[in-house]
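>>> got a sequence here, can you model it:
(chains A and B)
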Protein chains: 2
Amino acid sequence: LALVHHPVVNKNGDTVTSAVTSLDLHDMARTARTFGIGDFFVVTPLVDQQDLVERIVAHWTTGPGGQYNPKRREALELVRLKDAMPAVLDEIAARGEGPPRLVVTSARPSSRAMSYGRLRVLLSDGQPTVLVFGTAWGLAPDFMAAADVVLAPIKGPGTYNHLAVRSAAAIILDRLLGRPDTAS
Amino acid sequence: LALVHHPVVNKNGDTVTSAVTSLDLHDMARTARTFGIGDFFVVTPLVDQQDLVERIVAHWTTGPGGQYNPKRREALELVRLKDAMPAVLDEIAARGEGPPRLVVTSARPSSRAMSYGRLRVLLSDGQPTVLVFGTAWGLAPDFMAAADVVLAPIKGPGTYNHLAVRSAAAIILDRLLGRPDTAS
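Coordinates of the predicted model:
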């Protein structure tokens, strides 16, 4: 799982670097731990934002937060800080399990969108896969275009498509890795 | 959809009243809007917390937040403030569409847990249904015992069951109302 703060777009479609939201780290780490994800990469090129991520993670892993709430520690231990996506892909490739498959998510329709059922089948082939979420108004178009897979957006019965990234990540990991009625 | 701040339990199992978390309102309202939910009841008996909810909702509906971000306004317009669950049930009953079905959620296993597939079938009968989430460490046992339906917990491949309530609500509404591959 990767959460990207650059390159993302703002409300006007300009490519920007977004600020890190503490609750994204907490919620998405807890979701990642629930669904058995190996690593949660938090990607930002900004040094002050990297410092913030390191302080949050340290508090809840080696610091007092981890003693107060060991379940939160188990989740935040999954966080790996990276300055850009190529560093994420390099780290995964260096593990020798094959080149990583880059899957991107978006709230916008795409002509090449892959269904959840199709991606579930692909995931069973054992190739390492990194599932990428963008902050702000989503991943930049050039970044999306370079991905191996663009996952279909989450849609409800209407046209509203403004889920929080924390909520979208929870739904998508459940759709790809959850077993609603066998696991309950 | 209802988010309950009393009666819930704390880490030690004592029944308490939890504080309102602003981001619960935002994330769960956006999720509710995505899946076509009619009302998002925020339930707290504390007057200062009721004031907080009213201020947040006013900012994003009639105030400047709604002008800046109309999509956030569409979501937060679903919020209905109530002091206790009986007031929620009374309001739904007064609509004359039949007595509301009370469905509660929990991260803990229950001997009477209903599967997602079974509840999807029940929902198609047209009876009004309120789906309740507890904050803090979850809904109080007496409250759970009085519900019509206890929904099965969300489980991943392991034993970790500490999702944020925001994430759990997103997954559960998608499981009950989403159509992963027909709607995309």
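>>> quick check, A:Val149 in contact with A:Pro100.
No: counting by Cβ atoms under 8 Å, A:Val149 does not reach A:Pro100; the two are 11.5 Å apart. Bear in mind the C-beta positions are built from the backbone N, C-alpha and C, glycine included.
>>> which helices and strands does the lowest-mean-pLDDT helix or strand in chain A pack with?
For chain A, scoring each helix and strand by mean pLDDT, DSSP states H and E identifies helix A:64-68 as the least confident one, at a mean of 92. Judged by 3 or more Cβ pairs under 8 Å, 6 or more residues apart in numbering or on different chains; DSSP states H and E, helix A:64-68 is in contact with helix A:47-61, helix A:70-76.
>>> is the first one anywhere near chain B?
Think helix A:47-61. No: interface with chain B: helix A:47-61 contributes nothing (Cβ under 8 Å from any Cβ of the partner chain), its closest point being 12.4 Å away.
>>> ok, back up a step: who touches the least confident helix or strand of chain A?
A:His59, A:Trp60, A:Arg72, A:Arg73, A:Leu76 (Cβ atoms under 8 Å, 6 or more residues apart in numbering or on different chains).
>>> ok, these vs chain B, which is closest?
In terms of Cβ to the nearest Cβ, no member of the contacts of helix A:64-68 lies closer to chain B than A:Arg72, at 7.5 Å.
>>> what sits against the closest residue to that closest one other than its chain neighbours?
Computed as Cβ to Cβ, 6 or more residues apart in numbering or on different chains, the closest residue to A:Arg72 that is not its neighbour in sequence is A:Trp60, at 5.2 Å. A:Trp60 makes contact with A:His26, A:Gly66, A:Asn69, A:Arg72, A:Arg73, A:Ala75, A:Leu76, according to Cβ under 8 Å, 6+ apart.
>>> considering the contacts of helix A:64-68, which possesses the most neighbours?
A:Trp60 (25 neighbours; other Cβ atoms under 10 Å in any protein chain shown).
>>> buried sites along the least confident helix or strand of chain A?
Neighbour-count burial for helix A:64-68, counted by 16 or more other Cβ atoms under 10 Å in any protein chain shown, picks out A:Gly65, A:Gly66.
>>> hey, C-alpha coordinates of it in PDB?
Provided in PDB are the C-alpha atoms of helix A:64-68 (Å, rounded to 0.1, in the frame of the first residue of the first chain):
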ATOM      1  CA  PRO A  64       4.600   6.100  24.900                       C
ATOM      2  CA  GLY A  65       1.700   5.700  22.400                       C
ATOM      3  CA  GLY A  66       2.800   2.100  21.600                       C
ATOM      4  CA  GLN A  67       2.700   1.300  25.300                       C
ATOM      5  CA  TYR A  68      -0.700   2.800  25.800                       C
END
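>>> report the separation between the residue nearest to A:Arg72 and B:Pro45.
Distance, A:Trp60 to B:Pro45, by Cβ to Cβ, to the nearest Å: 31 Å.
>>> near chain B, anything from the strand ranked longest in chain A?
Secondary structure of chain A read by DSSP state E shows that its longest strand is strand A:129-134. No: using Cβ under 8 Å from any Cβ, strand A:129-134 stays clear of chain B, coming no nearer than 13.0 Å.
>>> show me which pair in the contacts of A:Trp60 is furthest apart.
Greatest spatial distance in the contacts of A:Trp60: A:His26 and A:Gly66, 12.8 Å, computed using Cβ to Cβ.
>>> touching both of these two, which residues are there?
A:Trp60, A:Arg72, A:Leu76.
>>> tabulate those residues (CSV), appending distance to A:Lys11 and pLDDT.
What follows is these, written out as CSV (distance: Cβ to Cβ, whole Å; pLDDT from 0 to 100):
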residue, distance to A:Lys11, pLDDT
A:Trp60, 31, 96
A:Arg72, 32, 95
A:Leu76, 30, 97
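>>> just those residues now: which is nearest B:Ala93?
Using Cβ to Cβ, the shared contacts of A:His26 and A:Gly66 come closest to B:Ala93 at A:Arg72, 39.4 Å.
>>> can you tell me, leaving aside adjacent residues, what's nearest to A:Leu76?
A:Trp60 (4.3 Å).
>>> ditto for A:Met114
In space, A:Met114 is closest to A:Val149, 5.1 Å off (Cβ to Cβ, 6+ apart).
>>> what's the answer for A:Met85, then?
A:Val43 is the one closest to A:Met85 (Cβ to Cβ, 6+ apart), at 5.9 Å.
>>> same question for A:Leu52.
A:Val20 (5.5 Å).
>>> now A:Lys11
A:Trp137 (5.7 Å).
>>> that neighbour contacts A:Asn10, correct?
Yes: with contacts counted by Cβ under 8 Å, A:Trp137 reaches A:Asn10, the gap being 5.8 Å.
>>> look at the two and report which has more neighbours.
Neighbour count, other Cβ under 10 Å: between A:Trp137 and A:Asn10, A:Trp137 has more, with 18 against 13.
>>> who's in contact with A:Gln49?
A:His5, A:Ala19, A:Val20.
>>> mind running it again at 10 Å?
A:His5, A:His6, A:Thr17, A:Ser18, A:Ala19, A:Val20, A:Val42, A:Leu81 (Cβ atoms under 10 Å, 6 or more residues apart in numbering or on different chains).
>>> same check, this time on A:Pro86
Counting by Cβ under 10 Å, 6+ apart, A:Pro86 has contacts A:Val43.
>>> and with 6 Å instead?
With contact set as Cβ atoms under 6 Å, 6 or more residues apart in numbering or on different chains, A:Pro86 has no partners.
>>> in chain A, which spans are helices?
A:22-34, A:47-61, A:64-68, A:70-76, A:85-93, A:116-123, A:141-145, A:165-177 (DSSP state H).
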